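[1] Predicted model, plus sequence, below.
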Amino acid sequence: MSKYTAIIPTVYGQAMIAESFAKKEPLIFTKIKLGDGTLSAGESSVNFKDLKNTLMECPVNELDNSTAGQVTLKATADNSKVETGFFAREFGVFAKVGENGSEQLFAYTNAGNYSDYMPDKTSTLDESIFAVTLPVGNASTVTAVINSQQYATVENLNDHNDSESAHANLLQVTTTADKPASMADRGLWVEIVG
């Protein structure tokens, strides 16, 4: 996995936080991009509008905003559309304010010479999950455009299975004496005993 430096909100990211608060509209994270651009000595990414050379987009799979003032996003890399392999130096998070807002580069980091190689689509990619925690200050609300065609990772399933609220009423529903007549008549009712 690439060793990225600390991710820094751009001036556009900082402005989006302020705009979300002022307009009482949600800050919506839209995607993560990877690229192979390099930074020149002393170059600052704080004014970047985009990656230097975008080569892959990763939809957001998960958002955790349970900690005040910050959000953690997770995305899974899929190289099925990568025509030519590249070193994933650049990592950018994109967002917008409100449903009609324009998408902008919220935060950026670059791994430089400590980047990993992203193979092209002819090579099987080991699972690459990116997790990034970002400051969101006093943004009104924070959401994300979640990929509707995502798949569950082992980590997702373990988190689900460990959650006491995952199937909160399942036992009560399956053991109740008030089983629906239509299901019982069709032999679709399963009763858990014990």
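    Received, thanks.
[2] what's the burial count for Ser40?
    5 (other C-beta atoms under 10 Å). Quick note: C-beta positions are derived from backbone N, CA and C, even for glycine.
[3] The longest strand along the chain packs against which elements?
    Using DSSP state E, we find that the single longest strand of the chain is strand 54-64. Helices and strands touching strand 54-64, by 3 or more C-beta pairs under 8 Å, 6 or more residues apart in numbering; DSSP states H and E, are strand 27-35, strand 70-77, strand 142-144.
[4] and the gap between Gly37 and Gln14?
    According to C-beta to C-beta, to the nearest Å, Gly37 and Gln14 sit 22 Å apart.
[5] ok, back up a step: could you give the separation of the longest strand of the chain from the chain centroid?
    Chain-centre distance of strand 54-64: 5 Å, with C-alpha atoms, centre = their mean, to the nearest Å.
[6] what's the angle between it and strand 27-35?
    With axes from the mean of the first three to the mean of the last three C-alpha atoms, to 10 degrees defining the directions, strand 54-64 sits at 140 degrees from strand 27-35.
[7] hey, C-alpha coordinates of strand 54-64 in PDB?
    Output of strand 54-64 as PDB, limited to C-alpha atoms (Å, rounded to 0.1, in the frame of the first residue of the first chain):
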ATOM      1  CA  THR A  54      -6.200  11.200 -12.800                       C
ATOM      2  CA  LEU A  55      -6.100   7.500 -13.800                       C
ATOM      3  CA  MET A  56      -8.700   5.900 -11.600                       C
ATOM      4  CA  GLU A  57     -11.900   6.700  -9.800                       C
ATOM      5  CA  CYS A  58     -13.000   4.900  -6.700                       C
ATOM      6  CA  PRO A  59     -16.600   5.300  -5.500                       C
ATOM      7  CA  VAL A  60     -17.200   5.700  -1.800                       C
ATOM      8  CA  ASN A  61     -18.400   2.500  -0.200                       C
ATOM      9  CA  GLU A  62     -18.800   3.600   3.400                       C
ATOM     10  CA  LEU A  63     -19.000   6.800   5.500                       C
ATOM     11  CA  ASP A  64     -18.600   7.100   9.300                       C
END
